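**Q** Sequence plus the predicted model coming up.
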Amino acid sequence: MTKNIEPFSGFTKKIFSFFSRLEKNNNTVWFNENRSVYEKELVAPAKSFVASIAPFFNQLNPSIRTEPKFNHTLMRINKDMRFAKGAPYKNYFLIHFGRFKMDSEFYVFLDKSGVTFGMFLNNTSGDEPYFNQNSKRFRNEIIETSRKYRINNKFDLLTFAKNEPVLVKSNYSFIKNYDEMIELNYILIEKSMDKSDKKLFSSDFLVETIREFSMLYPIYCFAISPDPLKLIAEFEEGMGAAV
């Protein structure tokens, strides 16, 4: 599947102008006229990014999906009009790495302003996902993990309100603001890059996301397993502890 996909060499500035123009022309006629731009400047590099980061995730946790295709790691830009009203297209593009729908996952989000990337934690109650249980059971361990992997004050904390991301705390600290986080049903721990950031336009972005996802993975372990400490121990043995 990845045989004919080029290695990731960065996104292009045309992506951000595409989203700006889509915002003003969100209709099927305009989109069909600009479909080649969408395919070449957005879909193709997104597939390259997925294919290039796949070996990292496969080593990290083989249960994470890494197929460079829609409904697996790429979210379609067109809305399901059975459940949506108004404009037929989303004004953003999502690349995500989880195990199943509504699983906690890692993501890269592109819109007209730039790129955000980080980790989504599903904190709703139920047998799985596990973060809702583990955030209470392993409170001290999560805080210590955030300290050990130097996560605090490096990411922003957001949640969803009416299906839109809303900033809760800039430079979030698990140590200082843990109780604030666990009250949220949906947790986003992320960083942002403005569309002018040069890293976006080279393989440096791949290096950056691998570094940040590695930093966040030990926290992710508390969201996907009833025995997160075992997963963290396996990660440290296989990938090396970031201490």
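**A** Good, I have the coordinates.
**Q** For the stretch of helix or strand Ile143 belongs to, which residues meet the burial criterion?
**A** For Ile143, the host element (DSSP states H and E) is helix 139-148. Within helix 139-148, the residues that qualify as buried by neighbour count (16 or more other Cβ atoms under 10 Å) are 142-143, 145-146. In short, each C-beta sits where N, CA and C put it, glycine included.
**Q** Other residues contacting the helix or strand bottoming out on mean pLDDT in the chain?
**A** The least trusted helix or strand in the chain, going by mean pLDDT, DSSP states H and E, turns out to be helix 228-239, with a mean of 91. Contacts to helix 228-239, defined as Cβ atoms under 8 Å, 6 or more residues apart in numbering, come from residues 59-61, 130, 134, 138, 141, 145, 214, 217-218, 221-222, 224-225.
**Q** give me phi/psi at the residue nearest to Phe106 when sequence neighbours are not counted?
**A** Spatially, and ignoring its direct neighbours in sequence, Phe106 is nearest to Phe97 (4.5 Å; Cβ to Cβ, 6 or more residues apart in numbering). Its backbone dihedrals place Phe97 at phi -130, psi 100, with angles given as degrees, to the nearest 10.
**Q** okay, now Phe97: neighbour count?
**A** When counting by other Cβ atoms under 10 Å, one arrives at 23 neighbours for Phe97.
**Q** residues in contact with Ile175?
**A** The neighbours of Ile175, taking Cβ under 8 Å, 6+ apart as the test, are 143, 146-147, 152.
**Q** what residue is smack in the middle of the chain?
**A** Closest to where the C-alpha atoms of the chain average out (Cα atoms, centre = their mean) is Tyr107, at 1.1 Å.
**Q** if I look at that one, how far off is Arg147?
**A** 24 Å (Cβ to Cβ, to the nearest Å).
**Q** Now do the lengthiest helix in the chain and helix 228-239, the angle between them.
**A** Among all segments of the chain classified by DSSP state H, the helix with the greatest residue count is helix 204-224. Here helix 204-224 points in a direction 150 degrees away from that of helix 228-239 (axes from the mean of the first three to the mean of the last three Cα atoms, to 10 degrees).
**Q** could you dump the buried residues of helix 139-148 to a markdown table with distance to Gly86?
**A** Supplementary listing: these in a markdown table, determined by distance: Cβ to Cβ, whole Å:
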| residue | distance to Gly86 |
| --- | --- |
| Ile142 | 40 |
| Ile143 | 43 |
| Thr145 | 42 |
| Ser146 | 40 |
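**Q** of all these, which comes closest to Met102?
**A** Each of those was scored against Met102 by Cβ to Cβ, and Ile142 proved nearest at 21.0 Å.
**Q** The nearest residue to that closest one once chain neighbours are set aside: neighbour count?
**A** Excluding its sequence neighbours, the residue lying closest to Ile142 (Cβ to Cβ, 6+ apart) is Phe222, at 5.7 Å. Other residues lying near Phe222 total 24 when counted by other Cβ under 10 Å.
**Q** Would you check that Phe222 makes contact with Phe138?
**A** Yes: counting by Cβ atoms under 8 Å, Phe222 touches Phe138, with 6.0 Å between them.
**Q** This completes my enquiry, with thanks.
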